[in-house]
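Chemist: Okay, sequence plus prediction incoming.
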Amino acid sequence: MPTFFTVCDMILNAGCIHNLPQILSGGMLVLGALVADELARMYRERMIKKN
């Protein structure tokens, strides 16, 4: 799983400052996926504790 900083580094190294809108929407997708993954993991752990 890439961290926020490695994503930032990849964006900066690509030098795509003129593509900021695409980068920002991509960043939102990445953040959304990370949050959803974290929520799913928490939910699974809670279900395991219940059983």
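Modeler: On my side now, so go ahead.

Chemist: what packs against whichever strand or helix holds L29?
Modeler: For L29, the enclosing helix or strand under DSSP states H and E is helix 20-50. For helix 20-50, the elements it packs on are helix 4-14, judged by 3 or more CB pairs under 8 Å, 6 or more residues apart in numbering; DSSP states H and E. For the C-beta atoms, the positions are set from N, CA and C on the backbone; glycine is no exception.

Chemist: model confidence over the helix it packs on, on average?
Modeler: Confidence over helix 4-14 (mean pLDDT, whole number) is 69.

Chemist: and if you look at stretch 23-30?
Modeler: When pLDDT is averaged along stretch 23-30, the result is 82.

Chemist: and it, C-alpha only, in PDB?
Modeler: Coordinates of the C-alpha atoms in stretch 23-30 are reproduced here as PDB (Å, rounded to 0.1, in the frame of the first residue of the first chain):
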ATOM      1  CA  ILE A  23      -3.800  14.600 -10.000                       C
ATOM      2  CA  LEU A  24      -6.200  15.900  -7.400                       C
ATOM      3  CA  SER A  25      -9.100  13.700  -8.600                       C
ATOM      4  CA  GLY A  26      -6.700  10.700  -8.600                       C
ATOM      5  CA  GLY A  27      -5.600  11.600  -5.100                       C
ATOM      6  CA  MET A  28      -9.200  11.700  -4.000                       C
ATOM      7  CA  LEU A  29      -9.700   8.200  -5.500                       C
ATOM      8  CA  VAL A  30      -6.600   6.900  -3.700                       C
END
